[in-house]
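Asker: The following comprises the amino acid sequence and a computationally predicted model.
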Amino acid sequence: MIEPWRTLLIVGLSIAAVVVLVLRVRLPAFLALLIVALATGLAFGAEPARVLEAVRKGSGEALGFVAVVIGLGAMLGGLLEASGGVATIANRLLDRFGERRAPWALTAIGIIVGIPLFFDVAFIILVPLLATLSQRAGRRVIYFALPVLAGLMTMHALLPPHPGPVAVAELLGADYGLLAAYGLVCGIPAAILAGPVFAKLAHGAPGFGAFAAPPAFDEDAPRLSPLGFGWALVGMLVPLLLILTAAVAGVLLPDGTPRDVIGFIGHPFVALVLACLLVTVVLVRGGTAMAVASDVMTRALAPAGLMVLVVGAGAAYKEVLIQSGAGQQVSDVVASAQLPVLLFAFLIAGFVRLVQGSATVAMVTAAGLCGPIVAAAALSPGRIALVTIAIGAGASIASHVNDTGFWLVKQYLGLTEAQTFRSWTIASTIAGVTIFAVAAGLWRFV
């Protein structure tokens with residue numbers, strides 16, 4: 001195994017290479033990520049065959065789920081957009097809350113939806129609404145998107161049933177009830193600061209450029225028969241409610257046919273298929289020709305293809321970093337320092353997150369190193385829950401080019417790479433630091 005300083009050097013150079021290739025050389029992000037992934041694997045001394053296998057594994061595992069969700073989400077969004085459904089919802093939301101209060105309502109939506117749903121699934125379903133709100137209000141998309149993203153991100157990092165918090169809770173022996181309670185106490189202030197508060201500051205700051213419609217919107221797509229507010233809302237909420245029902249059933253119902261059936265219907269694939277079918281049936285009954293509705297869905301898949309490729313390349317780069325063992329080496333260096341357990345947990349997760357991109361891997365790595373310390377310190381259940389939260393906080397910071405979420409946000413919101421750094425990367429860091437600060441404040445009281 002190579003020396004830790006060389007590991008950090010290779011990782012740092014690889015991240016810089018992605019930034020330079022995309023921002024300066026202007027290579028497509030898909031090509032730049034693949035080039036850097038291959039070069040990084042070879043720089044770590046891996047055999048060429050293993051590097052190629054890591055690229056295949058990373059992109060294949062990500063696309064096996066994300067590609068289907070992106071495709072179905074694009075089709076549903078295309079139907080709702082071409083029928084005026086998302087415009088109707090956006091108008092009603094703005095009329096009810098106003099432009100100034102809408103980001104606060106969206107933060108609440110992100111928190112509520114983010115408890116049961118995976119980050120990428122919920123974001124893909126909600127992004128047509130965010131883009132339409134932006135166009136309707138004449139504001140940059142980040143003004144409405146960051147509040148939702150902040151809510152989704154904090155819940156994904158802190159609360160079960162998301163895989164990272166569950167894995168950490170199992171490794172540290174955290175109480176799920178305390179984890180949920182403290183997770184909300186720490187996560188809500190973080191979502192507020194990283195969401196509506198930062199969105200207001202970022203929206204007025206220079207460097208974000210004029211808003212351009214996200215690539216999922218096809219101005220030349222045919223218009224469908226109008227979809228009323230009720231059916232538009234149903235079409236958007238059906239997949240969310242089905243997935244939520246499946247999550248609840250998985251916890252409350254015993255093993256057996258009812259649980260399996262609900263779990264099947266509530267899988268994101270099936271839930272999105274049913275939502276597409278429901279909206280299509282309503283539109284056809286309202287006078288839209290089936291061929292026209294099919295054309296809208298087909299057109300919606302074209303920009304989705306680019307999104308899929310970029311996310312897949314980002315996942316390949318991340319997998320190369322994971323298999324290199326860079327995260328573990330960084331963890332070992334940090335572990336040699338004498339630090340308070342809460343700060344140690346936060347820094348370990350943060351360093352691993354920066355190095356290899358995956359929040360879940362960062363959380364599991366940090367939990368593995370913190371486990372013996374937590375056991376030896378004989379911490380109270382409340383403090384164990386706070387250590388779990390500190391790990392989630394560290395794993396949330398600085399989403400950048402080695403994180404598939406970075407590219408998902410960039411592509412779906414129609415941002416440049418620089419704009420994504422200024423908005424999403426900073427917002428994720430604000431959220432992580434705020435979560436840790438609140439957890440540290442609670443430490444002496446539990």
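Answerer: Cool, got the structure.

Asker: use CA for all of it now, contacts and neighbours both
Answerer: OK.

Asker: if you go through the stretch 201-350 of the chain in chain order, where are the helices?
Answerer: Secondary structure of the stretch 201-350 of the chain (DSSP state H, counting those that start in this stretch): helices located at 229-252, 257-265, 268-285, 290-323, 326-335, 341-356.

Asker: which parts of the second one are buried?
Answerer: The neighbour-count criterion (16 or more other CA atoms under 10 Å) identifies 259-260, 262-265 as the buried residues of helix 257-265.

Asker: Quick check: the farthest pair among the residues you listed?
Answerer: 259 and 265 (10.0 Å; CA to CA).

Asker: where do the helices sit along the stretch 1-150 of the chain?
Answerer: 4-23, 29-43, 48-82, 85-114, 119-137, 142-158.

Asker: So for residue 315, which of these sits nearest?
Answerer: The closest of the helices of the stretch 1-150 of the chain to residue 315 is helix 48-82. By CA to CA, the value is 5.1 Å.

Asker: can you list residues touching both of residue 259 and residue 265?
Answerer: Counting by CA atoms under 8 Å, 6 or more residues apart in numbering, the contacts common to residue 259 and residue 265 are residue 246.

Asker: Contact partners for residue 235?
Answerer: Applying CA under 8 Å, 6+ apart, the residues contacting residue 235 are 80, 275-276, 278-279.

Asker: Quick check: pLDDT value at it.
Answerer: Listed pLDDT for residue 235 reads 83.

Asker: Help me confirm that residue 123 comes into contact with residue 151.
Answerer: No: the criterion here is CA atoms under 8 Å, and residue 123 misses it with residue 151 at 10.5 Å.

Asker: ok, the two, which is more surrounded?
Answerer: Set residue 123 next to residue 151 and count neighbours by other CA atoms under 10 Å: residue 151 wins out with 30 against 24.

Asker: Could you list the low-pLDDT ranges of the stretch 1-150 of the chain?
Answerer: 1-2, 4, 23, 62, 66, 86-87, 90, 94, 115-118 (pLDDT under 70).

Asker: ok, residue 233 - contacts?
Answerer: Contact analysis of residue 233 by CA under 8 Å, 6+ apart lists 85, 89.

Asker: how far is stretch 102-118 from where the chain is centred?
Answerer: 13 Å (CA atoms, centre = their mean, to the nearest Å).

Asker: who touches it?
Answerer: 93-94, 97, 122, 143-144, 147-156, 159-162, 188, 191-192, 195-196, 240, 243-244, 247.

Asker: List the residues that contact residue 154.
Answerer: 111, 187-188, 190-191, 396, 431.

Asker: quick one: which two of the residues you listed are the most distant?
Answerer: Going by CA to CA, the pair spanning these furthest: 111 and 396, at 15.3 Å.

Asker: okay, who's weakest in the contacts of residue 235 by pLDDT?
Answerer: residue 80 (78).

Asker: wait, that one sits on residue 232?
Answerer: Yes: Residue 80 is within contact range of residue 232, at 6.7 Å (criterion: CA under 8 Å).

Asker: The two: which has the busier surroundings?
Answerer: residue 80 (29 against 23).

Asker: Got the confidence number for residue 274?
Answerer: Reading off the model, residue 274 has pLDDT 92.

Asker: ok, the residue nearest to residue 390 when sequence neighbours are not counted - contacts?
Answerer: Ranked by CA to CA, 6 or more residues apart in numbering and with sequence neighbours excluded, the top spatial neighbour of residue 390 is residue 346, at 5.0 Å. Shown in contact with residue 346 (CA under 8 Å, 6+ apart): 390-395, 436.

Asker: Need the residues you listed in a markdown table (columns: distance to residue 407 and secondary structure).
Answerer: Below are the contacts of residue 346 laid out as a markdown table (distance: CA to CA, whole Å; DSSP: H, G, I helix; E, B strand; the rest coil):
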| residue | distance to residue 407 | secondary structure |
| --- | --- | --- |
| 390 | 25 | helix |
| 391 | 23 | helix |
| 392 | 21 | helix |
| 393 | 21 | helix |
| 394 | 20 | helix |
| 395 | 17 | coil |
| 436 | 25 | helix |
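
Asker: of all those, which comes closest to residue 36?
Answerer: When those are compared against residue 36 (criterion: CA to CA), the nearest one is residue 395, at 22.9 Å.

Asker: Report the buried residues of stretch 353-371.
Answerer: For stretch 353-371, a neighbour-count test (16+ other CA under 10 Å) marks 353-367, 369-371 as buried.

Asker: Give me the phi and psi for the residue of the chain most remote from its centre.
Answerer: Distance from the centre of the chain peaks at residue 287, with 37.1 Å (CA atoms, centre = their mean). Main-chain torsions, residue 287, degrees, to the nearest 10: phi 120, psi 0.

Asker: just checking, it touches residue 280?
Answerer: No: assessed by CA under 8 Å, residue 287 is found out of contact with residue 280, at 10.8 Å.

Asker: if I pick the residue nearest to the spatial centre of the chain, what's in contact with it?
Answerer: Closest residue to the average C-alpha location of the chain: residue 119 at 4.0 Å, with CA atoms, centre = their mean. Residues near residue 119 by CA under 8 Å, 6+ apart: 152-153, 156.

Asker: who's in contact with the closest residue in space to residue 271 that isn't next to it in sequence?
Answerer: Nearest residue to residue 271, sequence neighbours excluded (CA to CA, 6+ apart): residue 239, at 4.7 Å. Residue 239 sits next to 266, 268, 271-272, 274-275 when contact means CA under 8 Å, 6+ apart.

Asker: Do I have it right that residue 321 meets residue 355?
Answerer: Yes: taking contacts as CA under 8 Å, residue 321 lies within contact range of residue 355: 7.5 Å.

Asker: can you give me phi and psi for residue 397?
Answerer: Torsion angles, degrees, to the nearest 10, at residue 397: phi -70, psi 150.

Asker: Once you drop chain neighbours, what's closest to it?
Answerer: residue 429 (4.0 Å).

Asker: so is the one you found in a helix, a strand, or just coil?
Answerer: helix (DSSP: H, G, I helix; E, B strand; the rest coil).

Asker: Confirm for me that it is in contact with residue 395.
Answerer: No: between residue 429 and residue 395 no contact is recorded; they are 9.6 Å apart, counting by CA under 8 Å.

Asker: Counting neighbours, go ahead and name the busier of these two.
Answerer: Higher neighbour count among residue 429 and residue 395: residue 395, with 35 against 21, using other CA under 10 Å.
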